[in-house]
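Asks: how would this look folded up:
(one chain, ligands or ions: 1)
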Amino acid sequence: MDADRAEEILPATNNGPCAMSETNATPMIGRQLARDLADVDPAVADAIRLETEKQAHKLVMIASENYSSEAVLQACGSVMSNKYAEGYPGKRYYGGCEFVDMTENLAIDRAKELFAAEHANVQPHCGTQANMGVYFAVLKPGDTLMGMELPHGGHLSHGHRLSFSGGMFNIVTYGVDRETELIDYDAMAEIAERERPKMIVVGASAYPRHIDFERCRAIADSVGAYLHADIAHPAGLVAAGLHPNPCPVADFVATTTHKTLRGPRGGLVMCKEEHAADLDRSIFPGIQGGPFEHLIAAKAVCFGEALTDGFKAYAAQIVANAQKLAGHLADSGFRIVSGGTDTHLLLVDVGQHDITGKDAEGWLNSAGIVVNKNTIPFDERSPFVTSGVRIGTPSITSRGMGADQMEAVACWIVRALESGGDDAALNTIAGEVRELSAEFPIYDWRL
Ligand SMILES: *Cc1c(COP(=O)(O)O)cnc(C)c1O
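Replies: This next block holds a predicted model:
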């Protein structure tokens with residue numbers, strides 16, 4: 001929005017009871033509210049302060065997390081949160097939607113540009129609802145849905161029995177090859193031929209390699225299935241041209257906006273024009289009510305950021321960091337699932353060293369490195385114990401860390417895993433982590 005337009009939209013003065021400032025007002029933003037919160041509700045403010053401190057002092061290496069820009073956080077904490085806007089831009093069931101229409105249209109146009117998509121719906125509240133919206137657009141209860149095994153890297157919403165998707169559809173699964181730990185496309189084709197799914201969903205939460213979407217399209221075509229690609233994890237890499245983009249070949253593409261894309265928590269679905277009306281009806285009024293217009297404004301900011309050259313450089317650094325880290329860990333004798341990574345995440349098989357993923361997660365957390373335990377393909381331990389940890393580089397790359405820091409990070413991870421959970425050793429590492437973290441602030445933390 002240019003300056004002239006801003007003046008037109010925002011009152012130059014506001015002397016009403018809720019006056020925020022004399023002039024030309026920036027909308028209320030997250031940070032201003034957070035400061036006042038300490039007086040209004042100290043208990044909640046305290047928890048937020050503790051979370052802020054943790055995010056500042058520890059190395060967040062959960063592959064699905066990231067630090068949004070301050071601009072994104074400002075939009076999240078804005079007055080757009082107050083607005084009801086059921087419907088779509090220009091076709092709302094509420095009055096007074098002219099300004100949320102602006103931000104929603106910006107989000108839609110930028111998403112289409114970013115992913116070269118024919119149609120975009122920016123309203124899903126999260127990745128799971130994005131997938132639900134896709135399924136309900138073209139499937140009926142009892143239809144066959146084919147998704148990736150959860151222990152091989154798939155997501156709950158792709159047909160797990162504890163998810164609505166598992167209860168509602170007839171689920172068949174595919175997975176990775178035992179030797180290569182790469183998706184077994186030949187087996188996928190055979191299973192599809194046998195089971196005749198109505199939709200094949202590809203995409204994962206813990207798969208470190210690129211996915212061959214064209215191969216998946218050919219398999220879907222061979223049995224007349226819809227192809228749905230869920231790029232929740234690598235979306236930022238796709239946007240930067242560093243990971244194959246499924247939009248040209250898939251019927252539907254869903255993603256979250258808060259992982260590698262570095263936006264607000266939320267979902268996004270794109271599709272071919274022929275499915276646009278079905279998709280939009282499925283999201284609203286099908287499964288959602290009023291859209292979260294503050295988060296949609298923040299999605300617009302995020303997509304705008306992701307269109308810049310700076311974001312492309314950022315995404316390239318995420319991958320370079322993950323590869324560096326995988327190399328260092330492998331050199332220290334840890335087995336990396338599939339032998340490495342093409343993306344922002346790696347899976348370390350700690351089970352080989354007789355360590356459980358659960359212990360590794362706990363020890364690393366005590367050392368100031370936050371990761372999550374994760375099953376590895378053909379894992380013999382339960383999902384609560386696991387033999388692996390999933391490590392991601394998006395957050396530390398957002399802080400500006402590069403190749404030089406990856407060596408130190410890898411050393412700390414190895415030391416923590418070899419400590420056997422020794423408190424003194426883990427505390428020492430936590431102190432060193434804290435020093436490095438202080439050198440790489442991401443916000444004006446106000447601690
Ligand atoms: C994270 C993720 C989702 C779900 O996102 P939520 O916003 O947590 O609902 C869906 N699919 C995949 C593959 C994911 O990794």
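Asks: give me the mean pLDDT for stretch 252-262.
Replies: Regarding stretch 252-262, the rounded mean pLDDT is 98.
Asks: what about that stretch, how long is it end to end?
Replies: Here the two ends of stretch 252-262 are set 22 Å apart, with distance taken as CA to CA, to the nearest Å.
Asks: can you check stretch 140-155 too?
Replies: 20 Å.
Asks: can you give me how far that stretch is from the chain middle?
Replies: 19 Å (CA atoms, centre = their mean, to the nearest Å).
Asks: quick one: buried residues of it?
Replies: Buried residues in stretch 140-155, counting neighbours by 16 or more other CB atoms under 10 Å, are found at 144-155. Where C-beta positions appear, they are placed from N, C-alpha and C, glycine not excepted.
Asks: again, but for stretch 214-224
Replies: 215-217, 219-220, 223.
Asks: what residue in the stretch 1-150 of the chain comes nearest to the ligand?
Replies: G127 (2.5 Å; CB to the nearest ligand atom).
Asks: how many neighbours does the closest residue in space to that residue that isn't next to it in sequence have?
Replies: Of all residues not flanking G127 in the chain, T256 sits nearest, at 3.9 Å (CB to CB, 6 or more residues apart in numbering). Residues near T256, counting by other CB atoms under 10 Å, number 24.
Asks: is it correct that P377 is in contact with G175?
Replies: Yes. Between P377 and G175 there is a contact at 6.9 Å, judged by CB atoms under 8 Å.
Asks: what sits in contact with each of those two?
Replies: The contact sets of P377 and G175 overlap at 151-152 (CB atoms under 8 Å, 6 or more residues apart in numbering).
Asks: the two: which has the busier surroundings?
Replies: Neighbour count, other CB under 10 Å: between P377 and G175, P377 has more, with 23 against 20.
Asks: what's the neighbour count on the one residue in the stretch 301-447 of the chain that gets nearest to the ligand?
Replies: Taking CB to the nearest ligand atom as the measure, the stretch 301-447 of the chain has L345 as its residue closest to the ligand, at 10.2 Å. Look at L345: counted by other CB under 10 Å, it has 31 neighbours.
Asks: I'd say it and A204 touch.
Replies: No. Look at L345 against A204 with CB under 8 Å: they stay out of range, at 9.9 Å.
Asks: now do the shared contacts for these two.
Replies: Counting by CB under 8 Å, 6+ apart, the common neighbours of L345 and A204 are H233.
Asks: the protein - how does it break down into domains?
Replies: If you go by automatic domain parsing, the domain ranges for the chain are 74-306, 317-439.
Asks: distance between the first one and the chain's centre?
Replies: Right, domain 74-306. Using CA atoms, centre = their mean, the distance between the centre of domain 74-306 and that of its chain works out at 11 Å.
Asks: next helix or strand past the helix ranked longest in the chain?
Replies: Longest helix in the chain by number of residues (criterion: DSSP state H): helix 309-331. Reading on from helix 309-331 to the C-terminus, the next helix or strand found by DSSP states H and E is strand 335-336.
Asks: any idea how far that next one is from the chain center?
Replies: Here the centre of strand 335-336 is set off from its chain's centre by 24 Å, with CA atoms, centre = their mean.
Asks: packing partners for that strand?
Replies: helix 309-331, strand 345-349 (3 or more CB pairs under 8 Å, 6 or more residues apart in numbering; DSSP states H and E).
Asks: what residues does the chain put near the ligand?
Replies: Residues of the chain lying near the ligand by CB under 6 Å from any ligand atom: 64, 126-128, 155, 157, 203-205, 230, 232-233, 256.
Asks: and the residues you listed, which two are the farthest apart?
Replies: For the residues of the chain next to the ligand, the maximum inter-member distance is 16.9 Å, found between C126 and A204 (CB to CB).
Asks: between those two, which is the more surrounded one?
Replies: Ranked by neighbour count (other CB under 10 Å), C126 and A204 place A204 first, with 26 against 17.
Asks: how many residues are close by T308?
Replies: Neighbour count of T308, defined by other CB under 10 Å: 11.
Asks: distance-wise, check it relative to A71.
Replies: The spacing between T308 and A71, counted by CB to CB, to the nearest Å, is 12 Å.
Asks: off-centre distance for whichever helix or strand A47 is part of?
Replies: Counting by DSSP H and E, the element that carries A47 is helix 42-57. Centroid separation for helix 42-57 versus its chain: 22 Å, with CA atoms, centre = their mean.
Asks: got the buried residues for that helix?
Replies: Neighbour-count burial for helix 42-57, with 16+ other CB under 10 Å as criterion, is recorded at 45, 49, 55-57.
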